[in-house]
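> sequence unknown, structure follows:
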């Protein structure tokens, strides 16, 4: 099927891609699968030693630093593949972006080399590097409509999986956890080294009693970021599907069917439920901003204002708005009862002081808490591990390298508006993409299933049957249905680009007041959504096909960028080997503690069983 579009003769049929198409699909899968595995797996930063090995048995029930770093290597290989297949034009921009990526990666590598292996710093550095490199590579090839749709459908559709996990946490996990804590309160507090009346014990108990969905992230606010993005994106998709359905019925031009509206509406309901279960106020505020962005972009699209200068400001405004709100709250000081934004003002002040004192190399991905305890405002009662702002986190932790990453993010954000309101021809919102959509649906379901299968082994020992059926299998089905709904709406209805931009703006906004952009399980997915949304009008991945060789001048910039990313991957691979050796030493030490643990278990059993006590005494 060869269909010419408004982009100037682009073939939209899957067969027209050939080997390059499959290279793009494989590259996207390699970039996203490790990130999606991390989405569905808790982090285990200290394997076997989360508790006291002399009193309780333990096992690996999450993603260890070594496994996480190996996943980062896979993502970097995928980024190199995509960069090698990127369009030839924009050589200076391509090389400039690669230098920005390498600058932040060099800062991370510098801090990893300064001292002995640090699990948290290693896993954070790897996730940051693979996330930024993967986002840059996706940005370079996201001019192809199908790459954008694949990434958009996979990540926004995953909100269905998060909703299933959140419902299980609220309905099953939380009540069971509270009951177990109340039954053995003193012993649990003692294992953590807290006295029952201490402030640490009271804070732990207060947080434990809160009913909130956190997914596998462990943080309700990170969970809320993706739920809020899902509300904005699925809301726009549902509105577009309804308008297209109503228009087709009124004009009697062939009804596209109600199913795109029904499925996208179901995605909106699931996302809203997930946001409600998280209960994060910032998430609701970010949704309002996303709705405003969608309305502004739809207004510009209807008036063919795709080249308006103000569209370049939408992305940067989404970043600046929460930062300005924090600054305004700080100016009011303590004259208001609201404390959340005030504390973030304290974090921002501390991050600025930390950057000023360490502007060249930063304090490292795991160095913010120690530095903040010295640089914080005396009124701040907390010693936090992050300033809760992506840009300030990168600047304080990585210095100039962090500024380079921040500049790359701002650069991409300037393309959100223009890419969203590009004119969509009849073939982009009609049935001409039916064959392509079916193939993309298969690719989405395959990648989602692969990531789900890879996430199970590390959690198998602690997984209950109802969780396996209700969350793993049921959640995967919901995920695939939501992702396919995105593709179905994009095939038949207008406005999917606006939905993508609205979701990206929600994530950009929320990550300036929360840790979503720097948390290892979420940073790569957030940056990927922003990257594929930031495509300017008329940019296509295969725009250089058929150009004279003298104009194309070869692919050397793409290959240079791919080589840089592969070199970063080799450094990450070496760090992953060190991490696995460290994990092996932890396992050996845990094994040495086994006789002591068994002896304590027998003594405890003898204390409660007189016959056993007599038998041990006789022996």
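Great, that's in hand. Given the structure is predicted, the values throughout are model-derived calculations rather than measurements.

> which non-adjacent residue is nearest residue 535?
Spatially, and ignoring its direct neighbours in sequence, residue 535 is nearest to residue 419 (4.0 Å; CB to CB, 6 or more residues apart in numbering). C-beta coordinates here come from the backbone N, C-alpha and C atoms, glycine included.

> For that neighbour, what is the enclosing helix or strand?
Using DSSP states H and E, residue 419 sits within helix 416-420.

> what sits up against that helix?
Outside helix 416-420, the residues that touch it by CB atoms under 8 Å, 6 or more residues apart in numbering are 297, 300-301, 306-307, 310-315, 318, 497-498, 500-501, 504-505, 530, 533-537, 539.

> Which residue comes closest to residue 138 once chain neighbours are left out?
residue 531 (4.3 Å).

> that's a helix at the one you found, yeah?
Yes. Under DSSP: H, G, I helix; E, B strand; the rest coil, residue 531 sits within a helix.

> For it, list the residues it contacts.
Contact analysis of residue 531 by CB under 8 Å, 6+ apart lists 134-136, 138-139, 142, 151, 412.

> Kindly give a single ChimeraX line that selects the buried subset of those residues.
A single ChimeraX command selects the buried members of the contacts of residue 531 (16 or more other CB atoms under 10 Å):
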select :134,135,136,138,139,142,151,412
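
> tell me which of the contacts of residue 531 is nearest to residue 241?
Set against residue 241, the nearest of the contacts of residue 531 by CB to CB is residue 151 (20.4 Å).

> Distance from the chain centre to the strand or helix carrying the closest one, please.
Using DSSP H and E, residue 151 sits in helix 145-168. Relative to its chain's centre, helix 145-168 lies at 11 Å (CA atoms, centre = their mean, to the nearest Å).

> Could you identify the helix or strand that succeeds it?
With elements assigned by DSSP H and E, the helix or strand that comes after helix 145-168 is helix 174-183.

> Strands of the stretch 451-600 of the chain, residue ranges please.
For the stretch 451-600 of the chain, no strands are identified by DSSP state E, counting those that start in this stretch.

> so where's it shaky on pLDDT?
The model of the stretch 451-600 of the chain has pLDDT under 70 over residues 461, 536-555.

> Could you do the chain as well?
Checking the chain against pLDDT under 70 turns up 1-18, 248-257, 335, 337, 422-433, 461, 536-555, 605-619.

> Just give me the longest helix of it.
Ranked by residue count and defined by DSSP state H, the top helix of the chain is helix 556-592.

> What residues of that one count as buried?
Within helix 556-592, the residues that qualify as buried are 557-558, 561-562, 564-566, 568-569, 571-572, 575-576, 578-579, 582-583, 586, 590, counting by 16+ other CB under 10 Å.

> Which stretches in the stretch 251-400 of the chain count as helices?
For the stretch 251-400 of the chain, helices defined by DSSP state H, counting those that start in this stretch occupy the ranges 259-278, 281-302, 314-332, 340-357, 368-375, 390-398, 400-413.

> If you could redo that for the stretch 1-150 of the chain, that was the one I meant.
Going by DSSP H, counting those that start in this stretch, the stretch 1-150 of the chain shows helices at 19-39, 65-84, 91-112, 119-141, 145-168.

> report the angle between the axes of the third one and helix 390-398?
If I follow you right, that is helix 91-112. Here helix 91-112 runs at an angle of 50 degrees relative to helix 390-398 (axes from the mean of the first three to the mean of the last three CA atoms, to 10 degrees).

> tell me which residues in the host helix or strand of residue 222 are buried?
Element membership of residue 222, judged by DSSP H and E, is helix 220-251. Across helix 220-251, burial judged by 16+ other CB under 10 Å covers 220-242, 244-245, 248.

> returning to what we had before: show me what the helix holding residue 151 is packed against.
helix 19-39, helix 119-141, helix 220-251, helix 259-278, helix 434-455, helix 474-492, helix 496-510, helix 523-533 (3 or more CB pairs under 8 Å, 6 or more residues apart in numbering; DSSP states H and E).

> Minimum distance to residue 517: which of the ones you listed has it?
Nearest of the helices and strands packed on helix 145-168 (CB to CB): helix 523-533, 5.4 Å.

> where's the closest residue to residue 496 other than its chain neighbours relative to residue 347, distance?
Excluding the flanking residues, the one nearest residue 496 by CB to CB, 6+ apart is residue 490, at 4.0 Å. In this view, residue 490 and residue 347 are 39 Å apart by CB to CB, to the nearest Å.

> Alright, I will stop here.
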